[in-house]
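1. need a structure here:
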Amino acid sequence: MTPIDWLIMIGGSVAAIWMACGVWTAIAATQRGGRPLQWAAIGLFLGPLGPFVVLKVLSRQCPSCQAHVMRTLLVCPACGKDVPRLAENPDGPLWTYRRNW
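-> Have a look, this model is predicted:
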């Protein structure tokens with residue numbers, strides 16, 4: 001195999017992994033009440049960091065049914081009950097995930 005063949009194989013593999021991260025990000029965000037196209041674009045842009053953002057940074061549990069929901073949601077998509085606001089802003093006073101903090 002020539003070096004060009006190796007570059008094509010490696011580039012195709014990296015592109016496939018990057019697209020899989022975008023799809024996985026969209027699926028994980030949709031399960032937590034997010035918009036699939038928006039999160040697919042974010043996942044494609046961030047690549048392997050996209051699933052990490054959804055799973056670790058933007059999710060928390062509903063106190064009623066223990067389903068994972070995004071911090072921006074006011075109503076749990078699984079049980080339909082109101083999700084209470086957080087007691088304090090986890091990222092400091094100048095940043096919020098909710099408009100009505």
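
2. so what's residue 61 bridging to?
-> residue 68 (DSSP bridges).

3. which residues touch it?
-> 67, 68, 69 (Cβ atoms under 8 Å, 6 or more residues apart in numbering). For glycine as for every other residue, the C-beta is placed from the backbone atoms N, C-alpha and C.

4. How many neighbouring residues does residue 9 have?
-> Per other Cβ atoms under 10 Å, the neighbour tally for residue 9 reads 11.

5. ditto for residue 82
-> 13.

6. which ones are touching it?
-> By Cβ under 8 Å, 6+ apart, the contact set of residue 82 is 74, 75, 76.

7. How much space separates the last one from residue 82?
-> Here residue 76 is placed at a distance of 8 Å from residue 82 (Cβ to Cβ, to the nearest Å).

8. now swap in the second one and tell me
-> Summarising the geometry, the distance separating residue 75 from residue 82, computed by Cβ to Cβ, is 6 Å.

9. Residue ranges in the chain under the pLDDT threshold?
-> 57, 86-101 (pLDDT under 70).

10. Off-centre distance for stretch 55-75?
-> Here stretch 55-75 shows a centroid-to-chain-centroid distance of 12 Å under the convention Cα atoms, centre = their mean, to the nearest Å.

11. Can you point out the buried residues in that stretch?
-> For stretch 55-75, a neighbour-count test (16 or more other Cβ atoms under 10 Å) marks 58, 59, 62, 67, 68, 69, 70, 71, 73 as buried.
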